[in-house]
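Trainee: Let's see this in three dimensions:
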Amino acid sequence: MTQETETDNELRIPGAVDIVSKINDNDRASAIDDINDLLYAKAADVLGAHKKEVSQSLFNEPPVVEPESNETDNGSDREHTSS
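Mentor: I've put the predicted structure just below:
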């Protein structure tokens with residue numbers, strides 16, 4: 001009688017049995033290609049998740065609204081002084 005533990009379930013990698021079989025059959029080049037494919041897929045998943053987090057933190061901030069000024073612009077930046 002065998003029982004599966006949580007670690008057994010977590011360690012299962014899709015295609016791992018094929019890779020081990022290829023290594024056992026001395027087809028090392030194909031096994032290395034499959035390992036690289038798995039690593040690239042895993043890296044792409046992690047980067048995709050990280051991109052979502054970064055974009056949400058950058059673009060979901062509320063826009064900064066500048067307060068409206070009640071002053072009227074008369075087109076002159078100089079102050080008028082009476083002499």
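Trainee: CA atoms for contacts and neighbours, from now on please.
Mentor: Will do.
Trainee: Could you list the buried residues of the lengthiest helix in the chain?
Mentor: Ranked by residue count and defined by DSSP state H, the top helix of the chain is helix 28-59. Residues of helix 28-59 classed as buried by neighbour count (16 or more other C-alpha atoms under 10 Å): 31, 34, 38.
Trainee: Give me the neighbour count for residue 19.
Mentor: 19 (other C-alpha atoms under 10 Å).
Trainee: Distance-wise, check it relative to residue 59.
Mentor: Distance, residue 19 to residue 59, by C-alpha to C-alpha, to the nearest Å: 42 Å.
Trainee: which stretches of this structure have low pLDDT?
Mentor: Low-confidence segments of the chain (pLDDT under 70): 1-11, 60-65, 69-83.
Trainee: just to confirm, which helix or strand has the residue lying closest to residue 31 once chain neighbours are set aside in it?
Mentor: Computed as C-alpha to C-alpha, 6 or more residues apart in numbering, the closest residue to residue 31 that is not its neighbour in sequence is residue 19, at 5.1 Å. Per DSSP states H and E, residue 19 falls inside helix 16-24.
Trainee: So which bits of that helix are buried?
Mentor: Across helix 16-24, burial judged by 16+ other C-alpha under 10 Å covers 19, 22.
Trainee: ok now do the residue nearest to residue 31, which residues does it touch?
Mentor: Contact partners of residue 19, counting by C-alpha atoms under 8 Å, 6 or more residues apart in numbering, are 31, 34-35.
Trainee: can you give me the angle the longest helix of the chain makes with helix 16-24?
Mentor: Per axes from the mean of the first three to the mean of the last three C-alpha atoms, to 10 degrees, the angle that helix 28-59 makes with helix 16-24 is 140 degrees.
Trainee: do you know how far residue 20 is from residue 42?
Mentor: When distance is defined by C-alpha to C-alpha, residue 20 is 19 Å away from residue 42.
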